[in-house]
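>>> Whatever this is, show me its structure:
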Amino acid sequence: MHLIDEADAWLQWAIGNQDHRYYFADEPRLLDGLQKGLHGSDLAWLPRVGLQVSPSKLLSLGANDLDALYRLEQGENGSALAAQVASVLSRHALLTNAMLKSSQSFLSAIGAGDAPLLQQLDLRGSVALWHLAAEYGAAADGSGPHAEAAGFALQHARHPLEFCDYYRFYLHVEHPDGSAGQRLANATRSLNALRPLWFDTLDAPQVQHLPSLQEARQIIDMTLAAGQRIGFARISLAVQQVAPILRGLALEEPTIHAASRQLLRDVHAVLRTYPLQHGQLGQDGTSMRFPIEAPGVHIVLQVEDDAITLAEYTLVSRDRDRDRAAEATPDAPHSDQGDAEPAAPQDLAAARAQAEQTLASARAALLHMPGARTGGTLASSGDGDIPPPVPSPGPATPEDARTPRTSPLQIAQALADAAMVASEQAIREAMAASQQAIDAANEALRRADAAAEEAVRRATEAAAEDEARWKKRG
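Got it, this is the predicted structure:
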């Protein structure tokens, strides 16, 4: 609260004032409300640090890190404190205004420094441009592919975020030999071919607030169990993410459709199999990112604008996977057998446990749907609405995995069991088949509901006829 200008004075006034009452649900809402109410802005300004940041983000830093910022803001100096503050900024992905401004030299180098689109930036746009400059700044110059990418991006973008997407797209898309004009025309044809065919990848589960790690896991499980997608936040990001995958392929409609389906299948297979890592709150206090690491793949889910979407899908090398494993287990012995990488028992166990949890979540989803069968009878939620997501049950016991009758979910269980003792690819294929089985179960439930409704209708008609006969006799 000391880092929000005039917040202490307001609090003392509110405590002593008998004419006004204020209610805040929790501490983050108190701090955000004070910042917004006193200064008309969501972001607090720390002048000595040079940082604009949400009070909610400050609250998430922890006591020691927050104390370092407070001490600097109170006028304390010293190289040790400066190093500590720099570490806080780095570990929590906080960018000062001076750091954000450094992207201007990159934009000037690629010929976009005076572009009108990039003159009025909010925090989200500034952060996106900083990351673009950090990724490509060392290689950028006023001519060649980077200048061409900037011109292409300015031609097609309608927002600074789209500028970053289309800049990367131009550098990732395959170009034939030729002049700059020919490369630009080729990239434009590729973009025009891709965009209309990726509209169906913009699906996203909606959220009412920033979810915890457990809540995000539950929402993802329920979304995938219902056969729905977790797609991209905008079309420019979708085509930018698929561009590296399409290198060497003909940009024809069947090829593009197949690539989009395969990309989302791969993403969903990873989401079913590997855990979310701890989410990091954004500097703006209204967004969050959840990374996921899997062999050969790095995925980032983001929560932004009340939706969970796919922010990043990156294929990584074996060396990068090995480096991450070494960082996670520094005392583990190193193998000297080149690229031979036998599956670790703990990885197989984790995959098995996650597969079992996915099937358990699917069962929970089916059992909580209106008209789902429970013990041979039709169950209902009462008011006809699908109940809210519930925590995924733990791994099924051997007794839970066997039921008196063969069902689509038993087929899915068998497929998953086969996948657990096979390779990672087998796990993905089994999960896809599991989804087909769940779809079949949903169709069976729909038909059962229809039959039940027909039975109720006939019973109602029969009762009406009986009542008419009784009245006639009377």
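>>> Return the set of buried residues in stretch 86-93.
By neighbour count on 16 or more other Cβ atoms under 10 Å, the buried set for stretch 86-93 is Val88, Leu89, His92. (Glycine included, C-beta is placed from N, CA and C.)
>>> How about the contacts made by the nearest residue to Asn97 once chain neighbours are set aside?
Counting by Cβ to Cβ, 6 or more residues apart in numbering, Asn97 lies nearest to Gly50, which is 5.2 Å off, once chain neighbours are set aside. Neighbouring residues of Gly50 by Cβ atoms under 8 Å, 6 or more residues apart in numbering: Thr96, Asn97, Ala98.
>>> Let's have those residues in TSV, adding secondary structure, distance to Ala216 and pLDDT.
As requested, the contacts of Gly50 are exported to TSV (DSSP: H, G, I helix; E, B strand; the rest coil; distance: Cβ to Cβ, whole Å; pLDDT from 0 to 100):
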residue	secondary structure	distance to Ala216	pLDDT
Thr96	coil	29	96
Asn97	helix	31	95
Ala98	helix	33	95
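>>> now the residues you listed: which count as buried?
Applying 16+ other Cβ under 10 Å to the contacts of Gly50 flags Thr96 as buried.
>>> how about the contacts of Gly50 in a markdown table, adding distance to His20?
Listed next are the contacts of Gly50 as a markdown table, based on distance: Cβ to Cβ, whole Å:
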| residue | distance to His20 |
| --- | --- |
| Thr96 | 36 |
| Asn97 | 35 |
| Ala98 | 39 |
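>>> For Asp8, the count of nearby residues, please.
The number of residues packed near Asp8 is 12, by other Cβ atoms under 10 Å.
>>> er, His175 actually
16.
>>> I'd like the numbering to begin with 41 instead of 1 from here.
Sure, I'll start numbering at 41, so the last one becomes His215.
>>> and the closest residue to it other than its chain neighbours, how far is that from Arg164?
Distance criterion Cβ to Cβ, 6+ apart; nearest residue to His215, sequence neighbours excluded, is Arg223 at 4.5 Å. Distance, Arg223 to Arg164, using Cβ to Cβ, to the nearest Å: 30 Å.
>>> do Pro95 as well
Applying Cβ to Cβ to Pro95 and Arg164 gives a distance of 18 Å.
>>> how about the helices of the stretch 91-240 of the chain, start to end?
Counting by DSSP state H, counting those that start in this stretch, the stretch 91-240 of the chain has these helices, from start to end: 95-99, 103-113, 119-131, 137-141, 143-149, 163-176, 185-196, 200-212, 220-234.
>>> Identify whichever of those lies nearest to Ile55.
Taking Cβ to Cβ, helix 95-99 is the member of the helices of the stretch 91-240 of the chain nearest to Ile55, at 19.4 Å.
>>> Packing partners of that closest one?
Under the contact criterion of 3 or more Cβ pairs under 8 Å, 6 or more residues apart in numbering; DSSP states H and E, helix 95-99 touches helix 67-79, helix 103-113.
>>> sorry, back to before: would you format the helices of the stretch 91-240 of the chain as TSV with distance to Leu289 included?
Formatted as TSV, the helices of the stretch 91-240 of the chain follow (distance: least, Cβ to Cβ, whole Å):
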stretch	distance to Leu289
helix 95-99	42
helix 103-113	47
helix 119-131	39
helix 137-141	37
helix 143-149	31
helix 163-176	25
helix 185-196	20
helix 200-212	13
helix 220-234	11
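>>> in the stretch 341-490 of the chain, what spans have low per-residue confidence?
By pLDDT under 70, the low-scoring segments of the stretch 341-490 of the chain are 357-486, 488-490.
>>> rerun at 80
356-490 (pLDDT under 80).
>>> Also the stretch 191-340 of the chain?
Looking at the stretch 191-340 of the chain by pLDDT under 80, you get 214-218, 237-238, 240-241, 286-293, 295-297, 299-301.
>>> Do a quick rundown of the strands in this protein.
Assigned by DSSP state E, the chain shows strands spanning 84-86, 91-93, 320-321, 328-334, 337-344, 347-355, 413-414, 417-418.
>>> Can you list the helices and strands that the fourth one packs against?
Judged by 3+ Cβ pairs under 8 Å, 6+ apart, the packing partners of strand 328-334 are helix 293-313, strand 320-321, strand 337-344.
>>> and Pro95 and Arg164? which has more neighbours close in?
Using other Cβ under 10 Å as the criterion, Pro95 and Arg164 rank with Pro95 on top: 25 against 17.
>>> distance of that one from Leu341?
Distance from Pro95 to Leu341, by Cβ to Cβ: 25 Å.
>>> Check Leu194 too.
In terms of Cβ to Cβ, Leu194 sits 29 Å off from Leu341.
>>> So which of the strands of the chain is the most surrounded?
strand 91-93 (a mean of 25; mean count of other Cβ atoms under 10 Å).
>>> mean confidence score for that strand?
Across strand 91-93, pLDDT averages out at 95.
>>> Direction included, what does it pair against?
In the sheet, strand 91-93 lines up against strand 84-86 (antiparallel) (DSSP bridges).
>>> circling back: lowest-confidence stretch among the helices and strands packed on helix 95-99?
Taking the mean pLDDT of those, helix 67-79 comes last: a mean of 87.
>>> So which residues make contact with that helix?
Residues contacting helix 67-79 (Cβ under 8 Å, 6+ apart): 41, 44-47, 50-51, 62, 64, 81-84, 94-96, 98-99, 325.
>>> Just the buried ones out of the residues you listed, please.
Counted by 16+ other Cβ under 10 Å, the contacts of helix 67-79 give 44-45, 47, 50, 82-84, 94-96, 98-99, 325 as buried.
>>> want to throw the residues you listed into CSV with distance to Ala108?
Below are the buried ones among the contacts of helix 67-79 laid out as CSV (distance: Cβ to Cβ, whole Å):
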residue, distance to Ala108
Ile44, 17
Asp45, 19
Ala47, 19
Trp50, 25
Asp82, 23
Leu83, 19
Ala84, 16
Ser94, 18
Pro95, 17
Ser96, 18
Leu98, 12
Leu99, 15
Gly325, 19
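>>> Max pairwise distance over the residues you listed: which two?
Among the buried ones among the contacts of helix 67-79, Trp50 and Gly325 lie farthest apart (Cβ to Cβ), at 19.4 Å.
>>> And the pLDDT at the residue lying closest to Ile150 once chain neighbours are set aside?
Leaving out its chain neighbours, the residue that sits closest to Ile150 by Cβ to Cβ, 6+ apart is Ala190, at 4.1 Å. You'll see Ala190 listed with a pLDDT of 94.
>>> Kindly provide the distance from Ala190 to Gly184.
11 Å.
>>> Look at these two and report which has more neighbours.
Using other Cβ under 10 Å as the criterion, Ala190 and Gly184 rank with Ala190 on top: 25 against 12.
>>> Can you give me every residue that contacts that one?
Leu147, Ile150, Gly151, Ala152, Tyr207.
>>> I'd guessed the last one sits against Ala189; true?
Yes - distance between Tyr207 and Ala189: 4.8 Å, which falls inside the contact criterion (Cβ atoms under 8 Å).
>>> Show me this protein divided up by domain.
As recorded under automatic domain parsing, the domains making up the chain are 47-134, 213-367, 385-501.
>>> so where's the stretch 41-190 of the chain uncertain?
178-183.
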